[in-house]
Every structure is written in C-alpha cells, then in structure tokens.
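In: Sharing a model that was predicted from the sequence below.
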Amino acid sequence: MKDCINVGLLGAGTVGGGVLQVMERNASDIAKKVGLPVRVLKICDRQLEAMKKEFGDGYEYTAEADDVLTDPRIDIVAELIGREHPAKEFIQKALEQGKNVVTANKDVIAKFGGELLELAQAKGLDLLFEASVCGGIPIISPLKTSMAANKIKSIMGIVNGTTNYMLSKMQDEHLDYDAVLKEAQAKGYAESDPTADVGGLDAARKIVILSSIAFNTRVSLEDVHIEGIEKIEACDIKYAQDMGYVVKLLALAKNGPKYGVSVAVQPTMLPMDHPLASVNGVFNAVFIQGDAIGEAMFLGLGAGRYPTASSVCGDIIETARNILRHSTGRIGCGCFEEKRLCPPDKMHYPTYIRMKVADQPGALAAIAAAFGAQNVSLRNVLQKNRKGDEFAEVVVITHSVPETNLATAVQVLSVLPMVKKVCTVIRVEDRTLD
Ligand code: HSE
C-alpha cells in the first residue's frame with residue numbers, strides 16, 4: 001500500500017519554484033482531495049546550490065535528469081524546464097520508465113504532442129499539459145471533459161499576454177509600437193528577444209494545441225497562417241477605434257462543416273461589444289463556440305509563477321487521483337479525425353486596409369475600380385489628410401470576401417501609380433459584416 005504520491009521536478013525556476021510553494025502551502029487540503037499526501041520528493045536543476053538554499057532540506061536534489069527519470073519511488077514527473085530539447089527526450093524517457101508526466105511545455109506539446117500522447121496511451125499513463133496553454137486558465141481540461149460532447153465550431157483566443165499588453169498600451173496611451181515594446185521590456189512583460197511573442201509564434205503553438213483537441217484532428221504549426229503585430233501602427237488603432245473596433249492579436253481556429261479547418265494568428269479588429277474586446281493588459285481569454293454549449297469564454301492570467309503553478313498542481317492532483325484509482329491513461333490523444341484544411345478561396349472575412357495615396361482627382365475611383373475588379377465590395381471608406389503631407393491616408397473596410405480575392409486586390413493596389421504604399425492589412429471579425 002502506498003502512503004504517499006511522489007513527484008519528481010525537472011526544473012525549479014519560476015514555474016517549478018511556484019509549484020513547490022503551492023504544493024507545500026496547500027499540502028493538507030491537497031492530501032484530503034487526493035486521499036493521500038502528494039509531495040515533491042526530488043528536484044533536478046542545474047543551479048543545485050542556489051536551489052538548496054532557496055527550498056531547504058525537505059527535498060532530495062540532483063543535477064542529473066536521469067536521477068529523477070529512473071528513480072523507482074517517483075510516480076509523477078513534472079517537466080518544467082521548457083523549450084523543445086532535451087525536454088521532449090525527458091518526457092519520453094519518463095513515460096518509457098512507466099511514470100506519469102505533467103508538463104507546462106507548449107513547444108514540446110505543439111510539435112510532439114501526438115507521438116508522446118500515443119506513447120502515454122500505450123503505457124496506460126497520464127500525460128497532462130494544462131499549463132502549456134494560457135498559464136493559469138483551465139482550458140484543456142474543460143475541452144477534454146466538460147465540453148467533450150460538443151462539436152466545437154470555433155476558438156478565438158487572446159493567448160499572448162505580451163502582445164495584449166502592448167496593444168492595450170498603444171490604444172490607451174496612443175503610443176507607437178517601438179515605445180511600447182521598450183516600456184514592456186523595461187517592466188519585464190516582454191522578453192529581451194521578443195520575437196516569438198510579437199511575431200505570433202508563441203500564440204501559434206497554443207492554438208495548435210487547442211485546435212487539435214477541439215477539432216479531434218492533428219493540427220501542426222505548418223497549418224497556421226502566422227502574422228505578428230510588428231506592422232501595427234498607433235494610427236491603425238485610432239482609426240479602428242473611430243470605426244467602433246479594437247485591434248487584438250487573435251489566435252483563430254474554425255472548423256467549417258463544408259470546407260474544414262482554418263487556423264491563424266493575426267492582428268484582428270473586433271467590434272467593441274465583442275466579449276474579447278475588453279480583455280486588456282496581460283490578461284488572456286479564450287472564446288469558444290460549440291454546438292451544445294453555445295458560447296463560452298475563459299478568462300485569466302496566461303503567464304506568471306503562481307497562475308502557471310496552479311495549472312501544473314491541478315494536473316498533479318488529477319494524476320495522483322488517477323494513480324490511486326488505477327485509472328491513469330483514461331483521456332489520451334483524441335485526434336481520431338482526418339484533417340481537412342479549408343482552401344484560402346473558401347475563407348471569407350472582412351478586411352481593413354490603410355493606404356497612402358496621392359491626393360489627386362481620380363485616385364479614389366481607381367482604388368474602388370481595383371477592388372471592384374476582384375469582386376471585393378467596400379463597406380466603409382475614410383480619407384484622412386495630415387497637415388503638411390502631400391499624400392492622403394485612405395482607410396477602407398471591405399465586406400466579407402474570399403482571402404484570395406483580397407490578396408489579389410492588395411497586389412494590384414500596391415502597383416497603382418497613385419498608391420504610394422499599402423501600409424496595413426488587418427482582418428476584421430464582425431458577424432454583422434458577413
Ligand atoms: N510569453 C507568453 C506571453 C507567456 O506573453 O503570454 C508564455 O507563453
């Protein structure tokens with residue numbers, strides 16, 4: 001008979017340290033919920049001496065992952081070192097050694113989730129990864145359990161706190177992208193190398209994980225159309241506001257009954273009354289549409305020591321309960337459907353386009369003709385003249401049109417003699433324009 005569930009921790013940095021603190025602080029409640037005490041037995045980290053100093057004598061320490069992965073006393077390995085390698089190999093080895101795994105690693109799950117989940121299933125083990133998407137927000141577990149009866153039609157998420165903070169600042173304080181990025185870096189909200197966040201890759205990994213679960217099919221990073229926020233200017237946010245929209249970096253996944261799955265990370269204009277439009281600062285949110293649930297939104301902190309630890313600890317508790325009831329491996333990979341990717345000519349949405357245009361007779365007519373020739377119908381047209389600028393700024397919002405028609409129209413516009421530059425193209429999500 002077991003008298004305790006033992007956890008081995010790989011990585012005791014920001015998140016790992018949070019896990020240790022939460023497990024310790026709430027140990028007695030957790031033991032009651034599980035039916036046995038759950039304790040971290042061993043910690044693996046390269047900073048051995050610093051770890052011992054920070055976390056004290058109550059744990060065993062090692063700098064070798066194998067000391068955790070092959071320790072027969074350990075029931076659950078919590079992988080919290082991040083990045084693809086060697087984290088993937090550690091997870092794989094833990095499973096091969098018969099250990100259940102909890103991880104916060106979106107890089108590994110987005111890329112190797114399918115094969116690792118299959119391995120876990122073959123071994124009858126749990127591989128849980130709630131913290132890999134949106135830190136503290138429970139979204140994977142609800143998709144796999146409470147909402148499992150639904151056909152999920154769409155997921156729209158603000159899943160990157162750095163870019164949401166930056167866009168909110170640009171909106172509230174009318175600041176430029178560069179100024180906001182510098183400020184976010186100084187405050188520690190943006191990394192010194194912010195490429196993965198501002199370029200959309202971080203959000204893409206998260207929507208790959210969510211859409212694979214929601215649509216029962218293996219979506220990969222190559223399937224995602226990725227655009228970051230680097231080209232968004234303060235004036236786009238202002239014009240959007242003037243027209244009743246806010247600009248958000250959205251992760252969007254749709255599963256149409258006719259043409260299949262489309263997945264994108266794109267700056268997107270949302271009507272101000274959309275539930276996601278008021279999600280500001282470092283907050284994350286995921287908005288789901290299902291055939292039974294209707295619409296549901298999950299909101300919370302998508303990063304940070306304790307919110308992320310909350311999800312990791314929840315997975316540890318779930319796994320510990322499963323171990324005691326001999327029911328690990330119940331919910332594995334759910335990708336039983338073949339993927340059908342929606343072709344671009346079947347993707348329809350309205351679009352915002354801002355251009356610098358020569359302020360001369362016939363310019364607007366030529367622009368309208370270029371749109372018309374591609375069957376792109378215009379809904380709003382706005383012209384702004386700035387003092388001292390020989391060019392006018394023309395902003396249009398189209399009706400919902402196929403992506404391919406829009407792309408051709410933009411190409412044609414960019415080479416028109418009176419169009420100096422097509423500055424910004426932003427997708428608009430507005431059901432009233434469909
Ligand atoms: N860098 C991410 C964000 C958190 O800004 O939301 C970790 O995925």
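Out: Here it is on my side, so go on.
In: Pass me the low-pLDDT residue ranges in the chain, would you?
Out: 433-434 (pLDDT under 70).
In: What separation do you get for the residue lying farthest from the centre of it and residue 367?
Out: Within the chain, residue 361 marks the point farthest from the mean C-alpha position, 45.9 Å out by C-alpha atoms, centre = their mean. Residue 361 is 13 Å from residue 367, where distance means C-beta to C-beta, to the nearest Å. Where C-beta positions appear, they are placed from N, C-alpha and C, glycine not excepted.
In: repeat for residue 358
Out: 11 Å.
In: what's the answer for residue 254, then?
Out: For residue 254 relative to residue 367 (C-beta to C-beta), the value is 30 Å.
In: can you pull the contacts of the residue of the stretch 301-434 of the chain found nearest the ligand?
Out: Distances between the stretch 301-434 of the chain and the ligand by C-beta to the nearest ligand atom are smallest at residue 303, namely 3.7 Å. The contact partners of residue 303, by C-beta atoms under 8 Å, 6 or more residues apart in numbering, come to 135, 161, 282, 284.
In: quick one: secondary structure of it?
Out: coil (DSSP: H, G, I helix; E, B strand; the rest coil).
In: And for residue 71?
Out: Taking three-state DSSP, the label given to residue 71 is coil.
In: and it, backbone torsions?
Out: phi -80, psi 120 (degrees, to the nearest 10).
In: near the ligand, which residues of the stretch 151-300 of the chain show up?
Out: 160-162, 197, 202 (C-beta under 6 Å from any ligand atom).
In: give me that answer again for 8 Å
Out: When proximity is defined as C-beta under 8 Å from any ligand atom, the stretch 151-300 of the chain approaches the ligand at 159-165, 189-191, 196-197, 202, 206, 282, 284.
In: how about the strands in the stretch 301-434 of the chain?
Out: 348-349, 351-358, 378-385, 391-398, 401-402, 419-428 (DSSP state E, counting those that start in this stretch).
In: JSON lines for these, including distance to the ligand?
Out: Formatted as JSON lines, the strands of the stretch 301-434 of the chain follow (distance: least, C-beta to the nearest ligand atom, whole Å):
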{"stretch": "strand 348-349", "distance to the ligand": "25"}
{"stretch": "strand 351-358", "distance to the ligand": "25"}
{"stretch": "strand 378-385", "distance to the ligand": "32"}
{"stretch": "strand 391-398", "distance to the ligand": "29"}
{"stretch": "strand 401-402", "distance to the ligand": "32"}
{"stretch": "strand 419-428", "distance to the ligand": "20"}
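In: nearest to residue 7, of these?
Out: strand 419-428 (43.2 Å; C-beta to C-beta).
In: Give me the buried positions along that closest one.
Out: The neighbour-count check on strand 419-428 (16 or more other C-beta atoms under 10 Å) flags 419, 422-428 as buried.
In: So in that sheet, which strands flank it, and in what orientation?
Out: Note on strand 419-428: by DSSP bridges, its sheet partners are strand 260-271 (parallel), strand 351-358 (antiparallel).
In: got the angle for that strand vs strand 378-385?
Out: 130 degrees (axes from the mean of the first three to the mean of the last three C-alpha atoms, to 10 degrees).
In: what does strand 419-428 contact?
Out: Residues contacting strand 419-428 (C-beta under 8 Å, 6+ apart): 231-233, 236, 240, 245, 247, 264, 266-269, 349-358, 367, 391, 393, 397, 406, 410, 413-414.
In: Repeat the analysis, applying 6 Å as the threshold.
Out: Under the criterion C-beta atoms under 6 Å, 6 or more residues apart in numbering, residues 231, 236, 266-269, 349-357, 391, 410, 413-414 lie in contact with strand 419-428.
In: Tell me how many other residues surround residue 321.
Out: 18 (other C-beta atoms under 10 Å).
In: With adjacent residues omitted, what lies nearest to it?
Out: Nearest residue to residue 321, sequence neighbours excluded (C-beta to C-beta, 6 or more residues apart in numbering): residue 34, at 5.6 Å.
In: how close does the one you found sit to the ligand?
Out: For residue 34, the distance to the ligand (C-beta to the nearest ligand atom, to the nearest Å) stands at 28 Å.
In: Angles on the backbone of that residue, please.
Out: According to degrees, to the nearest 10, residue 34 has phi -90, psi -40.
In: Enumerate every residue touching it.
Out: Per C-beta under 6 Å, 6+ apart, neighbours of residue 34: 317, 320-321.
In: Then residue 282?
Out: 161, 165.
In: With residue 264 instead?
Out: Taking C-beta under 6 Å, 6+ apart, we find residue 264 in contact with 225, 252.
In: partners of it in the sheet?
Out: residue 225, residue 252.
In: just residue 154 next, same as before
Out: residue 254, residue 289.
In: I'd guessed it sits against residue 288; true?
Out: No. Residue 154 lies out of contact with residue 288 (C-beta atoms under 6 Å); the separation is 7.4 Å.
In: which one of the two has more residues nearby?
Out: Neighbours were counted for residue 154 and for residue 288 using other C-beta under 10 Å; residue 288 has more, 24 against 19.
In: how close does residue 301 get to residue 123?
Out: For residue 301 relative to residue 123 (C-beta to C-beta), the value is 33 Å.
In: let me fix that: residue 388
Out: 69 Å.
In: Looking at the two, which is more packed in?
Out: Taking neighbours as other C-beta under 10 Å, residue 388 and residue 123 compare with residue 123 leading, 17 against 5.
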